[in-house]
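In: Structure for this input, please:
(one chain, ligands or ions: 1)
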Amino acid sequence: MTTILGCIADDFTGACDLAGLLARSGVKVNLRLGVPDTLPSDTAAFEVIALKCRTAPVDEAVAECRAALAWLKQAGAARFFWKYCSTFDSTAVGNIGPVAEALMADLGVSQTIYCPAFPENGRSIFMGNLFVGTQLLAESPMKDHPLTPMRDSNLMRLLTPQTTAPVGLADRLCVASGADALQARLRELSKEGVAHVVVDAVADDDLKTIAKACCDMPLLTGGSAVAMPLPALYIAQGLLAKNADKSTVPQVGAGAIILSGSCSAMTRAQVESYANMAPSYQLDPLDLAQNGAQKACDWLAAQPLDAAPMIYATAKPATVQKAQDQLGVARAGAVIEQALAALAIEARNRGARRFVVAGGETSGAVAKALGVTQMTIGAEIAPGVPWGYGQSDGVDIALALKSGNFGTTQFFSDALTELEV
Ligand code: ADP
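Out: Predicted coordinates:
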């Protein structure tokens with residue numbers, strides 16, 4: 001099937017999030033982990049390429065995203081979506097703006113929008129300021145993120161140092177006036193030379209207005225939620241048949257494991273809750289740096305996988321800080337990601353077929369280690385977290401890749417219940 005929308009996501013959980021919301025339409029969504037090294041074949045109406053470039057240097061991220069764009073163009077897509085985190089995870093040297101500018105240049109377009117809002121998950125934008133629940137981004141737990149601490153809430157201020165062309169705002173009052181008013185505002189900003197337009201959205205209806213106004217722009221950027229209305233708009237436009245391209249998913253085995261490398265506030269609550277329900281093991285980055293992951297492997301070997309054990313590095317900000325002070329931020333993250341990746345392989349070799357992984361970077365490391373290159377998207381566990389089905393070493397497995405802040409306290413058990421085998 002010719003691809004209608006080609007999406008590029010800056011991390012694996014973000015890609016799952018976007019794919020899950022697009023799949024709500026019932027239309028098949030393919031998720032590719034990394035840019036495929038073969039020409040497009042067996043493509044779906046919605047193709048999402050998951051990269052692992054959220055914290056990558058600009059040059060690297062731009063090169064990967066341009067390669068992804070080229071592949072999606074070959075798949076037939078004429079519309080594209082650049083997906084980043086709904087908490088706009090990005091430092092002053094971040095790559096959200098540079099990647100958008102590179103994609104715009106490759107597509108020959110002079111304007112795009114930025115809308116990371118995800119009202120169902122408490123992310124809203126008002127007057128260009130991003131809120132997490134009732135808190136401004138910079139006052140939310142995101143201020144303490146291990147890799148991308150967010151210390152400013154204003155998207156225009158965050159984006160300006162990352163872009164060469166001017167940044168502007170289409171505010172909530174404009175969005176509330178409807179799609180025509182938003183299109184007029186975009187034209188007005190375009191005349192002023194504004195290439196990067198932050199668009200306010202506080203509720204799902206705002207996202208519908210934005211999607212309606214912008215669905216024919218060659219490039220949209222944002223969190224996943226603004227893409228959610230797109231399938232229905234494409235069906236209404238006749239680009240896609242209503243019942244075309246439905247997905248089917250395989251039956252997987254019962255063994256399960258939970259792997260958590262996210263330190264986000266919600267993951268901490270999820271880990272605490274699940275630790276009362278199943279065998280669990282906490283990784284210590286300092287010990288891992290010195291002694292490797294053998295101790296954890298030995299623990300895993302002693303666990304029945306039908307008890308769905310949990311291995312986690314999840315810790316409070318003060319504990320994370322201590323490890324980072326001793327090992328450096330990058331090394332602390334890397335030793336944990338490597339350990340969780342090795343443990344995932346060990347679990348698969350011992351029969352695990354359902355993998356629940358918490359953390360964007362962590363999910364990227366685990367999925368890469370398992371050698372999963374493509375996933376078909378299945379049932380949604382929580383807003384923005386679906387089960388995905390792929391192959392690892394020739395066997396069918398299911399993966400739930402959860403971004404740190406997503407899900408409710410019971411997420412890990414919810415995921416296993418959703419995919420009972
Ligand atoms: P999230 O989705 O919450 O942002 P990520 O997996 O993307 O989660 O990022 C969390 C990062 O923090 C990873 O690189 C992980 O290895 C690192 N990390 C996890 N636990 C610890 C810890 N105890 N000390 C230091 N770094 C940690």
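
In: Spatially nearest residue to residue 70, not counting backbone neighbours?
Out: Using C-beta to C-beta, 6 or more residues apart in numbering and skipping residues adjacent in sequence, the residue nearest residue 70 is residue 106, 7.9 Å away. Where C-beta positions appear, they are placed from N, C-alpha and C, glycine not excepted.

In: What values do phi and psi take at the closest residue to the ligand within the chain?
Out: Ranking the residues of the chain by distance to the ligand (C-beta to the nearest ligand atom) places residue 404 first, at 2.0 Å. Comment: the main-chain dihedrals of residue 404 come out as phi -40, psi -50, following degrees, to the nearest 10.

In: Do I have it right that it meets residue 269?
Out: No. Counting by C-beta atoms under 8 Å, residue 404 sits too far from residue 269 to count as a contact (11.2 Å).

In: between the two, who's got more neighbours?
Out: residue 404 (30 against 16; other C-beta atoms under 10 Å).

In: List the residues that contact the more buried one.
Out: Residue 404 is in contact with 145, 262-264, 266-267, 358-360, counting by C-beta atoms under 8 Å, 6 or more residues apart in numbering.

In: Over to residue 185?
Out: When the contact criterion is C-beta under 8 Å, 6+ apart, the partners of residue 185 are 170, 174.

In: Now it: which helix or strand?
Out: Using DSSP states H and E, residue 185 sits within helix 179-191.

In: for that helix, which positions count as buried?
Out: Judged by neighbour count using 16 or more other C-beta atoms under 10 Å, the buried positions of helix 179-191 are 179, 181-183, 185-186, 189.

In: ok, back up a step: what helix or strand is the residue nearest to residue 70 on?
Out: Using DSSP H and E, residue 106 falls within helix 96-107.

In: tell me which residues of that helix are tucked away?
Out: Applying a neighbour-count criterion of 16+ other C-beta under 10 Å, the buried positions in helix 96-107 are 96-104, 106-107.

In: same thing with stretch 26-41?
Out: For stretch 26-41, a neighbour-count test (16+ other C-beta under 10 Å) marks 27-36, 40 as buried.

In: Surely residue 332 touches residue 325?
Out: No. Applying C-beta under 8 Å, one finds residue 332 not in contact with residue 325, separated by 9.0 Å.

In: Looking at these two, which one has more neighbours?
Out: Just comparing residue 332 and residue 325: by other C-beta under 10 Å the higher neighbour count belongs to residue 332, 23 against 10.

In: tell me the SS of the more buried one?
Out: Under the three-state scheme (DSSP: H, G, I helix; E, B strand; the rest coil), residue 332 adopts helix.

In: just to revisit the earlier point, if we look at the ligand, which of the buried residues of helix 179-191 are close to it?
Out: Restricting the buried residues of helix 179-191 to those near the ligand by C-beta under 6 Å from any ligand atom leaves nothing, as none qualifies.

In: Format those as JSON lines; extra columns: distance to residue 70.
Out: Written out in JSON lines, the entries for the buried residues of helix 179-191 read as follows (distance: C-beta to C-beta, whole Å):
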{"residue": "179", "distance to residue 70": "31"}
{"residue": "181", "distance to residue 70": "35"}
{"residue": "182", "distance to residue 70": "30"}
{"residue": "183", "distance to residue 70": "29"}
{"residue": "185", "distance to residue 70": "32"}
{"residue": "186", "distance to residue 70": "27"}
{"residue": "189", "distance to residue 70": "29"}
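
In: farthest-separated two in the residues you listed?
Out: Spanning the widest gap among those are 179 and 189, at 15.6 Å by C-beta to C-beta.

In: name the element residue 47 belongs to?
Out: Residue 47 belongs to strand 46-50 when elements are defined using DSSP H and E.

In: what does that strand contact?
Out: Applying C-beta under 8 Å, 6+ apart, the set of residues contacting strand 46-50 from outside is 3-9, 11-12, 14-16, 18-19, 22-23, 27-36, 40, 68, 71-72, 75, 77, 83, 231, 364, 367.

In: Neighbouring strands - and their directions - for it?
Out: As defined by DSSP bridges, the strand partners of strand 46-50 come to strand 5-9 (parallel), strand 29-33 (parallel).

In: which ones are touching residue 339?
Out: Residue 339 sits next to 283, 288, 292-293, 296, 313 when contact means C-beta under 8 Å, 6+ apart.

In: quick one on the thing from earlier: could you dump the buried residues of helix 179-191 into CSV with pLDDT added?
Out: Shown next, in CSV, are the buried residues of helix 179-191 (pLDDT from 0 to 100):
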residue, pLDDT
179, 98
181, 98
182, 98
183, 98
185, 98
186, 98
189, 98
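
In: and which of those is nearest residue 253?
Out: If you rank the buried residues of helix 179-191 by distance to residue 253 using C-beta to C-beta, residue 179 comes first, at 47.3 Å.
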